[in-house]
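**Student:** predicted structure and sequence below. I'll ask about it afterward.
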Amino acid sequence: MTDEPQHPLDELAAYALGGLDAGERARVETHVASCATCAARLDEDRAVVGALPLGLAPATPPPAAWPEILAAARAHSPARRPAAARAVVPAWLRTIRWPALAALVAALVVWNVALHRELTRPGPQVEALARRPGRLVILQGTGQPDASARLFVAVVPGHGHMAIAGLPALRADRTYQLWFVSATRPRSGATFGVDRRGRAWVTVDVPVPFDDVGAILVTEEPAPGSATPSGVRMLEARPWR
Amino acid sequence: MRGPSEPPDPELLRRMGRGDESALEVLYARYGGLVYTLALRVVGDTELAREVLQDTFLRSWDGRETYDVSRGRVPGWLMGIARNRAIDLLRSRSHQARLREREPLTPATEPVLADTGEMLARRRAVTSALEDLPAALRNALELAYYGGLTQAEIAHTLGEPLGTIKSRTREALERLRRRLGPLIEPREESWRRD
């Protein structure tokens, strides 16, 4: 990274334009996986890049193009293609790649050190989990803009761990609750409070197949938790890359 | 502006996932021209551009490319597929030298396709913002996006330091973002309701 190593803005812009080599891309992806600021910036850069073709003089496709596309589409009808029902798949549902996994393991080590005196240490089972195939999800503050969380879920079985920062401490009769929202109904994955610095480390159950999950939320609920989300949305899922 | 009865883009993709050909047709009517325009700009050949156009929409149809609502709007996603396919073709056919000699970006004039009012406003805004960019910034942007060159390759091509090219690229995107603002919202407004 050439400048502002804490937020490599030059590289984010080049990444959005597809202008980095493989090694640089991996470094950007690793950073973005653990930096909500840069993840948001990359979103903005991608939006600008996606709009660039609007500045070109419009050209009209040849009339025969559409019939050809339609004929080819019919040759690949939904009945013949295995992934027909997965036209909309959030990136955070894809199996994690090694750069993000490396970032997660690093984050776990830092987190262990930071919380050593105050909270139960995640312990070696967490690092073992992080080395297995799984998915990393970044949740970012909605009701609480400065809050964020990293959720790591093992593919099999459906459990994981979540590190949270930036949430306000709650009264004893309130709790935060993690939800996995699927096509059927939201299912609770954990309830938790935060320490005086707004942080927590939570063991998470994933009560539905992760591939069916359409959204992940953290809400504030009455203690000891609700059957369905009823309170303010504090965090929502963001992609890891 | 798109009417309230016209389905939003993510809805079209969901219907396409169920094999709804009419959804593919609507998506093509909305963005086929823009995909073809982009492809033609990159590959510089109508037959190759047609190949990219077909491949882009087939990939969105048959599941080889999956739309991620959290990574931006549908047109940006389609343009990403088209751009990558066009760059792949370009590299495979060694057209890079020809591309570098091509004339600079031509400003958009009146659209010839059935643009919505929203699309027309975006075209005008993007064209104006690009025209106002200093030539050095626009050149760095175009070599990366349309030429498929890495930052190091652009620095080599222009004989400029790598750091200068990176700074220009970033500055170009920042200026465009400031100018275009809400016209290029990073995410589909409808995704939370989906």
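**Tutor:** Nice, I can see it.

**Student:** shaky segments in chain A?
**Tutor:** A:1-5, A:77-136, A:143-146, A:152-158, A:183-184, A:210-212, A:238-241 (pLDDT under 70).

**Student:** pick out the residue of it closest to chain B.
**Tutor:** Nearest residue of chain A to chain B (C-beta to the nearest C-beta) works out as residue A:50 at 2.4 Å. C-beta: built from backbone N, CA, C; applies to glycine.

**Student:** contact partners for that residue?
**Tutor:** Each residue near residue A:50 by C-beta atoms under 8 Å, 6 or more residues apart in numbering or on different chains is listed here: B:72-73, B:75-77, B:79-80, B:184.

**Student:** filter the residues you listed by proximity to chain A?
**Tutor:** The residues of the contacts of residue A:50 that also fall near chain A, by C-beta under 8 Å from any C-beta of the partner chain, are B:72-73, B:75-77, B:79-80, B:184.

**Student:** so which residues of chain A form helices?
**Tutor:** Ranges of helices in chain A, per DSSP state H, are A:9-16, A:22-33, A:36-51, A:65-75, A:98-114, A:124-130.

**Student:** and the first one, what does it pack against?
**Tutor:** When contacts are defined as 3 or more C-beta pairs under 8 Å, 6 or more residues apart in numbering or on different chains; DSSP states H and E, helix A:9-16 packs onto helix A:22-33, helix A:36-51, helix B:162-180.

**Student:** still on that earlier bit, TSV for the contacts of residue A:50, including pLDDT?
**Tutor:** Formatted as TSV, those follow (pLDDT from 0 to 100):
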residue	pLDDT
B:72	73
B:73	81
B:75	87
B:76	87
B:77	88
B:79	93
B:80	90
B:184	72
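
**Student:** what is the nearest of those to chain A?
**Tutor:** For the contacts of residue A:50, the nearest to chain A is residue B:76 (2.4 Å; C-beta to the nearest C-beta).

**Student:** what's the burial count for that closest one?
**Tutor:** Counted with other C-beta atoms under 10 Å in any protein chain shown, the neighbours of residue B:76 add up to 21.

**Student:** least trustworthy helix or strand in chain B by mean pLDDT?
**Tutor:** The weakest-scoring helix or strand in chain B, judged by mean pLDDT, DSSP states H and E, is helix B:96-100 (a mean of 47).

**Student:** mind listing the helices for chain B?
**Tutor:** B:9-17, B:21-43, B:46-62, B:74-92, B:96-100, B:117-131, B:135-145, B:151-158, B:162-180.

**Student:** can you pull the buried residues of the longest one?
**Tutor:** Residues of helix B:21-43 classed as buried: B:23-28, B:30-43 (neighbour count, 16 or more other C-beta atoms under 10 Å in any protein chain shown).

**Student:** could you pick out which of these are near chain A?
**Tutor:** Applying C-beta under 8 Å from any C-beta to the buried residues of helix B:21-43, those adjacent to chain A are B:24-25, B:28, B:32-34, B:36-38, B:40-41.

**Student:** just send the residues you listed back as JSON lines, with pLDDT too.
**Tutor:** Below are these laid out as JSON lines (pLDDT from 0 to 100):
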{"residue": "B:24", "pLDDT": "92"}
{"residue": "B:25", "pLDDT": "92"}
{"residue": "B:28", "pLDDT": "93"}
{"residue": "B:32", "pLDDT": "94"}
{"residue": "B:33", "pLDDT": "93"}
{"residue": "B:34", "pLDDT": "93"}
{"residue": "B:36", "pLDDT": "95"}
{"residue": "B:37", "pLDDT": "95"}
{"residue": "B:38", "pLDDT": "95"}
{"residue": "B:40", "pLDDT": "94"}
{"residue": "B:41", "pLDDT": "93"}
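
**Student:** which regions of chain B sit below the pLDDT cut-off?
**Tutor:** Judged by pLDDT under 70, chain B has its weakly predicted residues at B:1-5, B:68-71, B:93-116, B:185-194.

**Student:** rewinding a little: let me have the helices and strands packed on helix A:9-16 in JSON lines, extended by distance to residue B:61.
**Tutor:** Formatted as JSON lines, the helices and strands packed on helix A:9-16 follow (distance: least, C-beta to C-beta, whole Å):
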{"stretch": "helix A:22-33", "distance to residue B:61": "28"}
{"stretch": "helix A:36-51", "distance to residue B:61": "20"}
{"stretch": "helix B:162-180", "distance to residue B:61": "30"}
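
**Student:** which of these sits closest to residue A:206?
**Tutor:** Checking the helices and strands packed on helix A:9-16 against residue A:206 by C-beta to C-beta gives helix A:22-33 as the closest, at 19.5 Å.

**Student:** CA-only coordinates of the closest one in CSV, if you can.
**Tutor:** C-alpha atoms of helix A:22-33 as CSV (Å, rounded to 0.1, in the frame of the first residue of the first chain):
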residue,chain,number,x,y,z
ALA,A,22,-3.2,-10.6,-8.0
GLY,A,23,-1.0,-9.9,-5.0
GLU,A,24,-2.3,-6.3,-4.6
ARG,A,25,-5.9,-7.5,-4.9
ALA,A,26,-5.4,-10.1,-2.1
ARG,A,27,-3.9,-7.4,0.1
VAL,A,28,-6.9,-5.1,-0.5
GLU,A,29,-9.4,-7.9,0.1
THR,A,30,-7.7,-8.8,3.3
HIS,A,31,-7.8,-5.2,4.5
VAL,A,32,-11.4,-4.6,3.4
ALA,A,33,-12.5,-7.7,5.3
